[in-house]
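Q: Here is the input, now give the coordinates:
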Amino acid sequence: MVHRLRSPGSAVHPLTTSGLASAGPFFDPFDLLPMKQITYKLESHYGRTRAYPVDQEAILFCQLTQSKTLTAGSVGTIKGLGFLPVDRDGFEIDPRELY
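A: The predicted structure follows:
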């Protein structure tokens, strides 16, 4: 079963005063930068969900990590570089659902 964290297109934060007010006391200006989405295809084999790269950036990230699929440990690193791993429907990939 695949769980969804966000709706499609919700990765870009609006640059509005209401968005800044809801940031709280720990404001990080990098949260306002739009993240480039990289697409993966989610497949479940024997109860284990794997994310296979679809676009060129996703393929390059898999080559850098020397794996054929997106791993749970590399999701945080990819987000830190300004990329958001999403599935084909545009939903953010949750690292807890990957094997």
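Q: and stretch 73-91, which residues are buried?
A: For stretch 73-91, a neighbour-count test (16 or more other Cβ atoms under 10 Å) marks 74-75, 78, 83-87, 90-91 as buried. Where you see a C-beta, it was placed from the backbone N, CA and C, and this is true even at glycine.
Q: got the residues you listed as a markdown table, with distance to Glu97 and secondary structure columns?
A: Listed next are these as a markdown table, based on distance: Cβ to Cβ, whole Å; DSSP: H, G, I helix; E, B strand; the rest coil:
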| residue | distance to Glu97 | secondary structure |
| --- | --- | --- |
| Ser74 | 14 | helix |
| Val75 | 10 | helix |
| Ile78 | 15 | helix |
| Phe83 | 18 | strand |
| Leu84 | 16 | strand |
| Pro85 | 12 | strand |
| Val86 | 13 | strand |
| Asp87 | 10 | coil |
| Gly90 | 16 | coil |
| Phe91 | 11 | coil |
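Q: hmm, which two among these are most spread apart?
A: Farthest apart among these by Cβ to Cβ are Ser74 and Gly90. That separation is 20.0 Å.
Q: Pull up the pairing partners for the longest strand seen in the chain, direction included.
A: Secondary structure of the chain per DSSP state E: the longest strand is strand 36-45. When sheet partners are counted by DSSP bridges, strand 36-45 sits next to strand 48-53 (antiparallel), strand 83-86 (parallel).
Q: The ones you listed into TSV, with extra columns for mean pLDDT?
A: Putting the strands paired with strand 36-45 into TSV (pLDDT from 0 to 100) gives the following:
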stretch	mean pLDDT
strand 48-53	96
strand 83-86	94
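Q: can you tell which of the ones you listed is closest to Ile38?
A: strand 83-86 (5.1 Å).
Q: I would like the residues contacting that closest one, please.
A: Residues from elsewhere that reach strand 83-86 (Cβ atoms under 8 Å, 6 or more residues apart in numbering): 11, 35-40, 51, 57-58, 61, 70, 75, 78-79, 92-93.
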